[in-house]
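Colleague: test case, fold it:
(2 chains)
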Number of protein chains: 2
Amino acid sequence: VNVLFASTIEPAERWLPLLERALPQDRFLQEPRGDVEVALVGIPPPGTFARLPKLKLVQSLWMGVEKLLADPELPRGVPLARMVDPGMVAAMSETVLAHVLDWHRHFWLYRQWQREKQWKHRRQFMALDRTVGILGLGELGSDAAKKFLALGFKVCGWSRRPKAMPGVHCSTDLDEVLSRSDAVVCLLPLTAQTKGILNKAALAKMRKSGCVINVARGAHLVLNDLLAALDSGHLAHAYLDVFDEEPLPADSPLWAHAGVTITPHVAALTEPRTALPRIVENVERVRRGETPLNLVDREAGY
Amino acid sequence: VNVLFASTIEPAERWLPLLERALPQDRFLQEPRGDVEVALVGIPPPGTFARLPKLKLVQSLWMGVEKLLADPELPRGVPLARMVDPGMVAAMSETVLAHVLDWHRHFWLYRQWQREKQWKHRRQFMALDRTVGILGLGELGSDAAKKFLALGFKVCGWSRRPKAMPGVHCSTDLDEVLSRSDAVVCLLPLTAQTKGILNKAALAKMRKSGCVINVARGAHLVLNDLLAALDSGHLAHAYLDVFDEEPLPADSPLWAHAGVTITPHVAALTEPRTALPRIVENVERVRRGETPLNLVDREAGY
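Modeller: I've put the predicted structure just below:
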């Protein structure tokens, strides 16, 4: 199978040696060619798809595919697979655990007090005093939920379709989930239905002094509504990894906002060591003429 | 049983209503009296023990008892129990998980870059790339070890006496543990043997770019050696909750050191809701003339 690696963001020099070792009988190219059957893409350079008439699979290197789906060049008849990488899932759980613990144990506040050279205590809460609300109960949300439960947090979760998870209060009623939640973790795919889902009305339903963690897409969150909820004291802190414009512009007021912790879209990166077996499996399936795994439902948008 | 609550630090108004409800047949006092049989102490006011001739048990409200043991007023013939509080153990694991994740995922560095309005990436590591070395494998260390393992970290641990824990490389050889460790978590009791254990030679044995988390006692760590290891770049960051002098003096250079995150001795506080059953059990044992639980070995110092 001829496989094109086409990403303007993922480093080819990191991926290609691993791919060539894992699939020695296949050919990996960095330029489009008529006989390419599989395209591995982060964001491909413009004009890439038009030069791939025999394409049988577009394999995303990322879990979120909303940019690919919005690309008018994406061929309609070719299956699109998203990356479900266990290393990336574990990394995401690490990140949201770190942020929830940072808020839960007031470390964001103790850092502020450190800058002021103030030795002051805040009341300690137990994990069972806190409810973590997870928006999105797919691969990411369900892994994070299990890890929060293991630390003794109460966990509730919202998903579009009804789900059931042991120990998790699952609901398709967003207001119900928000009104139970101290910490809200957004792990949703970006679709027409989830754009702007964390708006003024949603944030107002959360329990007081909680936190918002957005590690999905910038457009899930209405930034001015978040800042108002922080400035009024309704929310204690926000952890933002994703933004409408990335890199976040240097003149954004977010950088200096005391209530916001900013990370540069690093909540969870695809990990070649664990993503590789998923790519191998799908290339083998193309070779055997079988249906690839983790195909995107274009109607649902993920 | 007459029980004296004597702490200059723990708030009596928080504890007494809970104690009176849990042990309705006993009497709780705030002033020493000749007929007191159990003394609940954080740090008792000077002269307290001399006024308790019938004392049968000193029950610490805290896990660390080195200050009590150093108190010349502590009666030699009376059993001393330390507090083993499951809520406090859980809180400690939350804290050390939060700090290890903060270091592991470079959040300490991203906060620095946020202040500089810099959007930059650092390489993502997987948990299995990192070894967490836990000093002290008692109640605190063993709970933390299990939680690190559950997130996929490699874990090794040092203890004075040989121990075995599934999945943990346990050793009584400190150098061996340090030389495997990226992150070192100090959860030791403070004794003559452990004072200054984290000194220049010890820190030099750790793997490069790691972190030190001291949530035990300030005297475990030689501060100038730590600062030298941070300034040379051998260590990436330190998380310090305990200090030789507390509150940390306003003129300490630690407050403003970019490599140090300071918390005001709040890594894990005794939680009355979960500590209460342990006090109830020991008061009942005194009533029945039985040996109390969690007695301190004065020879060992914990």
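Colleague: I'd like the average pLDDT over stretch A:80-93.
Modeller: Mean pLDDT, stretch A:80-93: 97.
Colleague: test my guess that A:Val78 contacts A:Leu57.
Modeller: Yes - if you go by C-beta atoms under 8 Å, A:Val78 and A:Leu57 touch, sitting 6.8 Å apart. Where C-beta positions appear, they are placed from N, C-alpha and C, glycine not excepted.
Colleague: those two: who's more crowded?
Modeller: A:Leu57 (21 against 16; other C-beta atoms under 10 Å in any protein chain shown).
Colleague: hmm, the more buried one is touching A:Val36, no?
Modeller: No - between A:Leu57 and A:Val36 there is no contact under C-beta under 8 Å: 10.2 Å.
Colleague: okay, now A:Leu295: neighbour count?
Modeller: Counted with other C-beta under 10 Å, A:Leu295 comes out at 13.
Colleague: sorry, wrong one. I was asking about A:Thr291.
Modeller: Using other C-beta under 10 Å as the criterion, the residues surrounding A:Thr291 number 11.
Colleague: and the residue in the stretch 201-302 of chain A positioned nearest to chain B, what element?
Modeller: Proximity of the stretch 201-302 of chain A to chain B (C-beta to the nearest C-beta) peaks at A:Pro247, 3.5 Å away. Using DSSP states H and E, A:Pro247 falls within no helix or strand.
Colleague: excluding its backbone neighbours, what's nearest it?
Modeller: Sequence neighbours aside, B:Trp119 is the residue nearest to A:Pro247 in space, at 3.5 Å (criterion: C-beta to C-beta, 6 or more residues apart in numbering or on different chains).
Colleague: please enumerate the helices of chain A.
Modeller: A:12-22, A:66-69, A:86-104, A:107-115, A:139-150, A:174-180, A:200-205, A:223-231, A:272-288 (DSSP state H).
Colleague: may I have stretch A:129-149 exported as CSV, CA atoms only?
Modeller: Extracted as CSV, the C-alpha positions of stretch A:129-149 are listed here (Å, rounded to 0.1, in the frame of the first residue of the first chain):
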residue,chain,number,x,y,z
ASP,A,129,-17.5,16.8,48.6
ARG,A,130,-16.9,17.6,45.0
THR,A,131,-18.7,16.6,41.8
VAL,A,132,-16.9,16.6,38.5
GLY,A,133,-19.2,17.0,35.5
ILE,A,134,-17.8,15.6,32.3
LEU,A,135,-19.2,16.8,29.0
GLY,A,136,-18.7,14.0,26.5
LEU,A,137,-18.6,10.3,27.5
GLY,A,138,-16.6,8.9,24.6
GLU,A,139,-13.1,7.4,24.8
LEU,A,140,-11.8,10.5,26.6
GLY,A,141,-14.6,11.2,29.0
SER,A,142,-15.1,7.6,30.1
ASP,A,143,-11.4,7.1,30.9
ALA,A,144,-11.3,10.4,32.9
ALA,A,145,-14.5,9.4,34.7
LYS,A,146,-13.0,6.2,36.0
LYS,A,147,-9.9,8.0,37.2
PHE,A,148,-11.9,10.6,39.1
LEU,A,149,-14.0,7.9,40.7
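Colleague: and that stretch, what's buried?
Modeller: A:130-149 (16 or more other C-beta atoms under 10 Å in any protein chain shown).
Colleague: tally of neighbours for A:Glu290?
Modeller: 11.
Colleague: and for A:Val280?
Modeller: If you count neighbours by other C-beta under 10 Å, A:Val280 ends up with 14.
Colleague: next: A:Val65.
Modeller: Quick note: A:Val65 (other C-beta under 10 Å) scores 23 neighbours.
Colleague: shouldn't it be in contact with A:Asp71?
Modeller: No - using C-beta under 8 Å, A:Val65 is not in contact with A:Asp71; the gap is 9.8 Å.
Colleague: ok so, going back, got a list of what the residue nearest to A:Pro247 touches?
Modeller: A:Glu246, A:Pro247, A:Leu248, A:Pro264, B:Trp113 (C-beta atoms under 8 Å, 6 or more residues apart in numbering or on different chains).
Colleague: I figured the third one was touching A:Ile262, is that so?
Modeller: This points to A:Leu248. Yes - using C-beta under 8 Å, A:Leu248 makes contact with A:Ile262 at a distance of 6.7 Å.
Colleague: give me the common contacts of the two.
Modeller: A:Leu254, A:Trp255.
Colleague: tell me if stretch A:218-229 is near chain B.
Modeller: No - applying C-beta under 8 Å from any C-beta of the partner chain, one finds stretch A:218-229 separated from chain B by no less than 13.1 Å.
Colleague: residues touching A:Pro79, list them.
Modeller: So A:Pro79 contacts A:Lys56, A:Leu57, A:Val58, A:Thr291, A:Pro292, A:Leu295 (C-beta under 8 Å, 6+ apart).
Colleague: one more pass at 7 Å, please.
Modeller: A:Pro79 is in contact with A:Leu57, A:Pro292, A:Leu295, counting by C-beta atoms under 7 Å, 6 or more residues apart in numbering or on different chains.
Colleague: okay if I get the residues you listed as JSON lines plus pLDDT?
Modeller: Putting those into JSON lines (pLDDT from 0 to 100) gives the following:
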{"residue": "A:Leu57", "pLDDT": "98"}
{"residue": "A:Pro292", "pLDDT": "98"}
{"residue": "A:Leu295", "pLDDT": "97"}
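Colleague: ok, these vs A:Val222, which is closest?
Modeller: Proximity of these to A:Val222 was ranked by C-beta to C-beta; the top entry is A:Leu295 with 31.5 Å.
Colleague: mind listing what that closest one touches?
Modeller: A:Pro79, A:Leu80, A:Ala81.
Colleague: let's see the distance spanning stretch A:287-302 from one end to the other.
Modeller: In stretch A:287-302, first residue to last residue: 25 Å (C-alpha to C-alpha, to the nearest Å).
Colleague: in it, what counts as buried?
Modeller: Residues A:Pro292, A:Asn294, A:Val296, A:Gly301, A:Tyr302 are the ones in stretch A:287-302 that count as buried (16+ other C-beta under 10 Å).
Colleague: stretch A:152-172 now?
Modeller: A:153-160, A:163, A:165, A:168, A:170-171.
Colleague: ok, now stretch A:176-190?
Modeller: So for stretch A:176-190, counting by 16+ other C-beta under 10 Å, buried means A:177-178, A:180-190.
Colleague: in strands only, show me those.
Modeller: Counting by DSSP state E, the buried residues of stretch A:176-190 place A:Ala183, A:Val184, A:Val185, A:Cys186 in strands.
Colleague: confirm for me that the first one is in contact with A:Val132.
Modeller: Translated: A:Ala183. Yes - using C-beta atoms under 7 Å, A:Ala183 makes contact with A:Val132 at a distance of 4.8 Å.
Colleague: give me the number of residues near the closest residue to A:Ile279 other than its chain neighbours?
Modeller: Nearest residue to A:Ile279, sequence neighbours excluded (C-beta to C-beta, 6+ apart): A:Gln59, at 6.1 Å. A:Gln59 has 23 neighbours, counted by other C-beta under 10 Å.
Colleague: got it, and A:Gln193?
Modeller: Counted with other C-beta under 10 Å, A:Gln193 comes out at 12.
Colleague: name the residues of the stretch 151-300 of chain A found near chain B, please.
Modeller: A:151-152, A:247-248, A:250, A:255, A:261-264, A:266, A:269, A:271 (C-beta under 7 Å from any C-beta of the partner chain).
Colleague: distance of A:Ser232 relative to A:Ser209?
Modeller: 11 Å (C-beta to C-beta, to the nearest Å).
Colleague: quick one on the thing from earlier: from the buried residues of stretch A:287-302, which two are the most distant?
Modeller: Across these (C-beta to C-beta), the longest gap, 18.4 Å, separates A:Pro292 and A:Gly301.
Colleague: and the residue nearest the centre of chain A, what pLDDT?
Modeller: Residue closest to the average C-alpha location in chain A (C-alpha atoms, centre = their mean): A:Ala216, at 3.9 Å. pLDDT, A:Ala216: 98.
Colleague: for it, which non-adjacent residue is closest in space?
Modeller: A:Cys186 (4.7 Å).
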